[in-house]
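Asker: Predicted coordinates and the sequence they were generated for:
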Number of protein chains: 2
Amino acid sequence: MIVSSDQMTSAGGAGVTKDRILDAAERLFAEHGFQATSLRHITADAGVNLAAVNYHFQSKESLILAVLIRKLEPVNRRRLELLDELEARQGDSAASLEEVLRAFLQPVLEAKAAGVELAAFPRLLGRIYTEPGAWIEKLIPRVFGEVMGRFKAAFAAALPGAEPVEVAWRIHFAIGSMAHFLAAGKLLELISMGAADESDAAGALERLVVFTASGMRAMVWRNKETAG
Amino acid sequence: MIVSSDQMTSAGGAGVTKDRILDAAERLFAEHGFQATSLRHITADAGVNLAAVNYHFQSKESLILAVLIRKLEPVNRRRLELLDELEARQGDSAASLEEVLRAFLQPVLEAKAAGVELAAFPRLLGRIYTEPGAWIEKLIPRVFGEVMGRFKAAFAAALPGAEPVEVAWRIHFAIGSMAHFLAAGKLLELISMGAADESDAAGALERLVVFTASGMRAMVWRNKETAG
DNA sequence: GAGACAATCATACGGTCGTTTTAAGCGTAC
DNA sequence: GTACGCTTAAAACGACCGTATGATTGTCTC
């Protein structure tokens, strides 16, 4: 119960309590889901008072948003970094589909490998449009707006001849493979009866890139065949 | 408050209340999720008494299981039907990857097109391994045991040269694309900015089959190239 | 008709939830 | 040294949760 004084200064040491809440919330949300995790669990785990949540964040919803944003921001920043490098290296010519996919997928799988629990987010994504009130819709443009725009253009450039609508379908399927891997990775062990290792980040990335690149390209070819 | 007498006979008319509960629960679970849907919501929506849930089902968990099993059984029966037809038609030679995929995917998309709300299940799948107590793990073998076994063999036959572990990876990715389409179909409209139509069942099936078939095959080829 | 029986009813129990209120502790500025 | 932010603390609020209980209903069997 002894707290050093610098924990409470407003000018000096920054909000320790706030970060403790965020850390505990992130851990518990990932483990039990959002609804099932109560503020009392979080504050008990963080060793802070219950009321601190509603003081630093205004509500549980805002806390969830803060946790997700903090978790996803570095991933998306790394994605844009890789895409920047890629485009700088390519110059005028378009980057290959595999390279764009790698830039998109690698930061996520890296984060997963580094122990960041990302399983909660795909689950949340699927829930956004079915939850009453759609309380979190504003998260999408805020967190994914830039990434979505940049990568849509990159994918379109890497898939010449595909209409924008078809590019969207392919991106959607590719995200699906990734999201399902993140959210239900353990299911892989069940399908393979223990033989496959979901924690093999490098192997997973390579397999994901090959799988999605081929799937996305196949749809282009098919389009060309049937339509052109 | 006037109820016809045949609603209460135990011998004659079958459990009307039970079905009303299942219907309301299915609708509300799909709309709000499992945790967020209370038994009071369900019984109010079904127009039955609160205690009826714990009378006909023993607990909320059992109700959830009953809802899911009722919803998924026809889908999986149809899957096996299509696979039976396919294998009977093929005789000794293996069915093509596309055909196996179609048998696997079509019943799900058909059900979705027919208005059966399936979005809740992928979400649940992702949650199974993170929920405390894993209260629903027994659902997987019960509902998917036969389907999983039969289709694993069919996929392996359609992907000659692939080790079982690699087949599992591919199935996992393919399921991911499907599950993500079911769970977050509306996200597609957002990516395409309203141009793509997620309710186009035939188009979705065709795109899914092409995408996943190509992805799964590409991993075989790559394996042959690098390993052979 | 009387009793057995399954189904439905109104109601209550013990808990937990998110949030609010009120008070206290602390560093800083005047 | 005292008034003033900012942060934490303890306790309570009203609401809702899943479940259990005991009475009541209508129907069937004898």
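Answerer: That came through, no problem.

Asker: Who are the contact partners of the residue most central in space within chain A?
Answerer: Nearest to the mean C-alpha position of chain A, counting by C-alpha atoms, centre = their mean, stands residue A:72 at 5.5 Å. Taking C-beta atoms under 8 Å, 6 or more residues apart in numbering or on different chains as the criterion, residue A:72 is in contact with A:121, A:143. Just so you know, the C-beta spots here come from the backbone N, C-alpha and C atoms, and that holds for glycine as well.

Asker: does chain B sit close to the helix or strand containing residue A:176?
Answerer: Using DSSP states H and E, residue A:176 sits in helix A:164-183. Yes - Helix A:164-183 comes into contact with chain B (C-beta under 8 Å from any C-beta of the partner chain), by way of A:164-165, A:168-181, A:183.

Asker: And stretch A:53-70, by the same measure?
Answerer: No - shown here: stretch A:53-70 not in contact with chain B (C-beta under 8 Å from any C-beta), separated by at least 12.9 Å.

Asker: export that stretch as PDB, just CAs?
Answerer: Output of stretch A:53-70 as PDB, limited to C-alpha atoms (Å, rounded to 0.1, in the frame of the first residue of the first chain):
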ATOM      1  CA  VAL A  53     -11.200   3.300 -14.700                       C
ATOM      2  CA  ASN A  54     -14.000   5.700 -14.900                       C
ATOM      3  CA  TYR A  55     -11.700   8.500 -13.900                       C
ATOM      4  CA  HIS A  56      -9.000   8.000 -16.500                       C
ATOM      5  CA  PHE A  57     -11.300   6.600 -19.200                       C
ATOM      6  CA  GLN A  58     -14.900   7.600 -19.100                       C
ATOM      7  CA  SER A  59     -16.500   4.200 -19.600                       C
ATOM      8  CA  LYS A  60     -15.700   0.600 -20.300                       C
ATOM      9  CA  GLU A  61     -16.300   1.200 -24.000                       C
ATOM     10  CA  SER A  62     -13.700   3.900 -24.100                       C
ATOM     11  CA  LEU A  63     -11.300   1.700 -22.300                       C
ATOM     12  CA  ILE A  64     -11.800  -1.000 -24.900                       C
ATOM     13  CA  LEU A  65     -11.100   1.400 -27.600                       C
ATOM     14  CA  ALA A  66      -8.000   2.700 -25.900                       C
ATOM     15  CA  VAL A  67      -6.700  -0.800 -25.500                       C
ATOM     16  CA  LEU A  68      -7.300  -1.700 -29.100                       C
ATOM     17  CA  ILE A  69      -5.800   1.500 -30.500                       C
ATOM     18  CA  ARG A  70      -2.700   1.200 -28.400                       C
END
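
Asker: Mind listing what's buried along that stretch?
Answerer: A:53, A:56-57, A:60, A:63-68 (16 or more other C-beta atoms under 10 Å in any protein chain shown).

Asker: Make JSON lines out of those and add pLDDT and secondary structure.
Answerer: Formatted as JSON lines, those follow (pLDDT from 0 to 100; DSSP: H, G, I helix; E, B strand; the rest coil):
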{"residue": "A:53", "pLDDT": "95", "secondary structure": "helix"}
{"residue": "A:56", "pLDDT": "94", "secondary structure": "helix"}
{"residue": "A:57", "pLDDT": "94", "secondary structure": "coil"}
{"residue": "A:60", "pLDDT": "93", "secondary structure": "helix"}
{"residue": "A:63", "pLDDT": "94", "secondary structure": "helix"}
{"residue": "A:64", "pLDDT": "91", "secondary structure": "helix"}
{"residue": "A:65", "pLDDT": "89", "secondary structure": "helix"}
{"residue": "A:66", "pLDDT": "91", "secondary structure": "helix"}
{"residue": "A:67", "pLDDT": "90", "secondary structure": "helix"}
{"residue": "A:68", "pLDDT": "87", "secondary structure": "helix"}
